[in-house]
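> Predicted structure and sequence below. I'll ask about it afterward.
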Amino acid sequence: MFKTKITFTLLIFICFTSVLYAQNRFAESSKELLNRDSKKVFVIAHRGDWRNAPENSLQAIKNVIEMGVDIVEIDIKMTKDKQLIVMHDKALDRTTNGKGLVSDYNLSDIQNLYLRNGAGAVTEHRIPTLEEALRLCKGQIWINIDKGYEYMAEVYDLLEKTGTTNQVILKSGTGYEELLSKYRNILNKIVYMPIIDLNSKGAQTQINKFADYKPVAIECVFSEENTDVIDLIAQISKNGSKVWINSLWASLCAGRHDDKAVEQNKEDETWGWMLNQGVKMIQTDRPKELLLYLKNKGLHE
């Protein structure tokens, strides 16, 4: 009985210190994110720790919090009864034991389903609502919401409700004028990040238009690497925004992707190249390996 009490007390202590550490790390990370002169490089986990838990699940989020990741990227969809859930696909088939479109089901039906893991096996994990994910992350990790442009007003209401407005990055590839016309009333109340294809003809124009807004970061995608891309990356940094690059797969970063870094042992040619361009935010499917790489270079705690 005495040993049981000691074990229980020890578990409570470990849980408390773990949460406290995450909160302290989050507070420091927030300062660095908003500091335009910070040298820190931020690690963003794409759909959470999907290699060890179902993508976009609460467990996938918990894992990256414990890992020490700075930002977790999640995707959202809306149910038939206008409730926001955390899910990437429009259809349920790939990631759950359900079938059909998310938009054809009410939340109560969605909550009866189970998530699949990366191998396609059904797990015991349920589909989280966005509100559940926000409450889990509150004060512990930054959140980047993808696939949410059309729901931005509804997302903003949830951010206000949960007190997470200042720890969520919303984003889209929408042009500056359209963004203003649709969301002018909330744009200065949220943390917003534009997505710009650096290979597109309008890249320079969009960077110039967003310069006055001074977003905390600009997410850059480019399938081809050339001097124009290098110059645009430098300009974004000069304008005071952090450069965010996705190392997820080849077409997003001109071949300098995660699998090349990890499986071919070419970290310096991939992640290292990004660092040499002044990139301060890297979204990855290999958060554990990227964290270790940055720590060894003194660029992450």
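Looks like it came in fine. Here the structure is a predicted model, which means the values were calculated and not measured.
> ok, K171 - contacts?
Remark: with contacts taken as Cβ atoms under 8 Å, 6 or more residues apart in numbering, K171 is in contact with 144-146, 149, 192-195, 219. For every residue, glycine as well, the C-beta is placed using N, CA and C.
> In a markdown table, list those residues along with distance to T270 and pLDDT.
Below are the contacts of K171 laid out as a markdown table (distance: Cβ to Cβ, whole Å; pLDDT from 0 to 100):
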| residue | distance to T270 | pLDDT |
| --- | --- | --- |
| N144 | 21 | 99 |
| I145 | 26 | 99 |
| D146 | 22 | 98 |
| Y149 | 29 | 97 |
| Y192 | 28 | 98 |
| M193 | 22 | 98 |
| P194 | 24 | 98 |
| I195 | 21 | 99 |
| E219 | 18 | 99 |
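> Tell me which of the residues you listed fall in strands.
The strands in this structure, assigned by DSSP state E, contain 144-146, 192-195, 219 from those.
> Now do the contacts for the residue nearest the centre of the chain.
Centroid-nearest residue in the chain: E73, 2.2 Å away (criterion: Cα atoms, centre = their mean). E73 makes contacts with 44-48, 143-146, 283, as judged by Cβ under 8 Å, 6+ apart.
> cool, N52 as well?
Contacts for N52 were tallied using Cβ under 8 Å, 6+ apart; they are 60, 63.
> 6 Å instead?
Taking Cβ atoms under 6 Å, 6 or more residues apart in numbering as the criterion, N52 is in contact with N63.
> what pLDDT does it get?
We note a pLDDT of 98 for N52 in this prediction.
> Run a quick neighbour tally on D285.
The local packing count at D285 equals 20, with neighbours defined by other Cβ atoms under 10 Å.
> is it true that it touches H257?
No: at 8.7 Å, D285 and H257 do not qualify as touching, with contact defined as Cβ atoms under 6 Å.
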